[in-house]
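[1] predicted structure and sequence below. I'll ask about it afterward.
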Amino acid sequence: MSYCLATYRCFGEQTDFHKKAQGIAVGLTVGSWTDLPEAKKANMQKHLGQVVSVEIQEASASSPRYADIQIAYPDVNFSLDIPALLVTVFGKLSMDGQIKLIDLHFSERFLSAFSGPKYGIAGIRSQLGVHDRPLLMSIFKSVIGHDMQELASQFKQQALGGVDLIKDDEILFENPLTPIEKRVAACMQAAAEAEAETGQKLLYAVNLTGPTFQLKEQAKKAIDHGANALLFNVLAYGFDTLQALASDPEITIPVAAHPAMAGAMYPSPNYGIGASVLLGKLMRLAGADLVLFPSPYGSVVMPKEENLAIQQVLLTEELAKHYGYQTPQLSANKLKRSLPVPSAGIHPGLTPLILRDFGQDVVVNAGGGIHGHPMGTAAGGRAFRQAIDAVQQGHGLKEYAAQHPELQAAIDAWGLREN
Ligand SMILES: CCCC(=O)/C(O)=C/OP(=O)(O)O
Ligand SMILES: [Mg+2]
């Protein structure tokens, strides 16, 4: 028998959490809210959920009374896909009061159904030829309504700034002015022109949008026109759609997962799905090569501990866990590691914090912090590259900026944080 484990944080001043846990284990597997004779039959036992642990935290001045409840779900109860797992462990239960899904452990059998990221960190770095520093990504801004010429011009300015990746904004959808195949062709042409000047390769993550059942063909059309990466609004389309794209041998380019809609699920301490599950484990399992999420210090803020919890699960070698059985040390290194991309409101003066908190395997990502630079878009990219170089070489940004005007201008405009 093998199980997937779900950990919940359940709140209640008077709740009998042991009874609650047993009710979850039975009610989400073989039973319901009331006793069912069928559920007690011997042939149902292999489908019965198990209470693994109930850890109660009594109310304090800083916290209401809650319990962390871990339940094991027999993976024979559901098909080996993310929708089935999520509906099983948090479908009806998500509507049952103050309860939050805060962790998931996949059985090896469940994990075996997933190929994970097609490229991962190593693959992205290999495509770019960059192995010795954090990566830099810029974001198109103010391009809704732009024609192809204006869009390609903004692309080239971003590329000349020394970025490693350029992504569409997640709000740029299929439109008559810049349809995906034209966007890709024009931007990849601009990328080639910029590379002739800078010698630097780059990935352009074009936003894959449109009717769900046309996404594969849309992606193949983009690839046929030269696309070398995709941006995807995973939560709007579903993890299973990401998994279908990432596991499809005909989709031969990396996928960057955007967190759009995540704010409807992770922020509340009492409801929803924890950030490390929603934007960490499930994104990596479904095959995201890069995962964007709100940074701890930008314009849309996620607490630092949640940021680091996401980073940990995107980079860890351990994603599988067997409940109660002696099994070979499970390693999930069949799942390539996904690149963390802490984002939103990032400017060059925040680079020391990002590199301190995330280390080398991170993508520094900015839209406004590039295009809003006082000396223009290309200077915005240069300012970030100078900030990254400064930190890599052990210099303070203020000292380094004295010899690097683009960085100085960014610090003058937006300030500097080194702790
Ligand atoms: C968390 C996603 C960030 C994003 O999509 C975006 O467009 C950020 O733009 P800036 O905040 O860097 O301007
Ligand atoms: Mg955006």
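    On my side now, so go ahead. Ligands and ions are numbered 1, 2, ... in the order given.

[2] so residue 319 is in contact with residue 313, correct?
    Yes - between residue 319 and residue 313 there is a contact under C-beta atoms under 8 Å: 7.2 Å. For the C-beta atoms, the positions are set from N, CA and C on the backbone; glycine is no exception.

[3] overlap in contacts of the two?
    Shared contacts of residue 319 and residue 313 (C-beta atoms under 8 Å, 6 or more residues apart in numbering): 281, 284.

[4] quick one, strands of the stretch 101-250 of the chain?
    Listed in chain order, the strands of the stretch 101-250 of the chain (DSSP state E, counting those that start in this stretch) span residues 135-139, 165-167, 203-207, 229-233.

[5] and the ones you listed, which is most packed in?
    strand 165-167 (a mean of 29; mean count of other C-beta atoms under 10 Å).

[6] ok, now how distant is residue 210 from residue 140?
    Between residue 210 and residue 140 the computed distance is 18 Å (C-beta to C-beta, to the nearest Å).

[7] which one of the two has more residues nearby?
    Using other C-beta atoms under 10 Å as the criterion, residue 210 and residue 140 rank with residue 140 on top: 26 against 15.

[8] wait, which of the strands of the stretch 101-250 of the chain is closest to ligand 2?
    Closest to ligand 2 of the strands of the stretch 101-250 of the chain, according to C-beta to the ion: strand 135-139, at 5.8 Å.

[9] the inter-axis angle of that closest one versus strand 203-207?
    40 degrees (axes from the mean of the first three to the mean of the last three C-alpha atoms, to 10 degrees).

[10] and strand 135-139, how far from the chain's centre?
    15 Å (C-alpha atoms, centre = their mean, to the nearest Å).

[11] can you tell me the strand partners of that strand and which way each runs?
    With DSSP bridges as the test, strand 135-139 is paired with strand 165-167 (parallel), strand 363-366 (parallel).

[12] wait, does the first one contact ligand 2?
    Right, strand 165-167. No - using C-beta under 5 Å from the ion, strand 165-167 stays clear of ligand 2, with a minimum separation of 8.1 Å.

[13] report the mean confidence score over that strand.
    Averaged over strand 165-167, pLDDT sits at 98.

[14] that strand and ligand 1, are they touching?
    No - using C-beta under 6 Å from any ligand atom, strand 165-167 never reaches ligand 1; the gap is at least 8.0 Å.

[15] for residue 11, give me its contacts.
    Per C-beta under 8 Å, 6+ apart, neighbours of residue 11: 64-66, 97-99, 270.

[16] may I have the phi/psi pair for it?
    phi -110, psi 140 (degrees, to the nearest 10).

[17] surely residue 222 touches residue 229?
    No - using C-beta under 8 Å, residue 222 is not in contact with residue 229; the gap is 9.5 Å.

[18] C-alpha coordinates for stretch 72-91, CSV please?
    Extracted in CSV, the C-alpha atoms of stretch 72-91 (Å, rounded to 0.1, in the frame of the first residue of the first chain):
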residue,chain,number,x,y,z
ALA,A,72,-2.5,9.6,4.6
TYR,A,73,-4.6,8.9,1.5
PRO,A,74,-4.2,5.5,-0.2
ASP,A,75,-3.0,6.4,-3.7
VAL,A,76,-5.2,3.6,-5.1
ASN,A,77,-8.2,5.9,-4.4
PHE,A,78,-7.3,8.3,-7.2
SER,A,79,-5.8,8.6,-10.6
LEU,A,80,-2.2,9.7,-10.7
ASP,A,81,-2.8,13.3,-11.7
ILE,A,82,-2.8,16.6,-9.8
PRO,A,83,-6.6,17.3,-10.2
ALA,A,84,-7.4,13.9,-8.7
LEU,A,85,-5.0,14.4,-5.8
LEU,A,86,-6.2,17.9,-5.0
VAL,A,87,-9.9,17.1,-5.2
THR,A,88,-9.3,14.0,-2.9
VAL,A,89,-7.3,15.8,-0.2
PHE,A,90,-8.8,19.3,-0.4
GLY,A,91,-11.9,19.3,-2.6
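
[19] how much distance is there from it to the middle of the chain?
    Centroid separation for stretch 72-91 versus its chain: 21 Å, with C-alpha atoms, centre = their mean.
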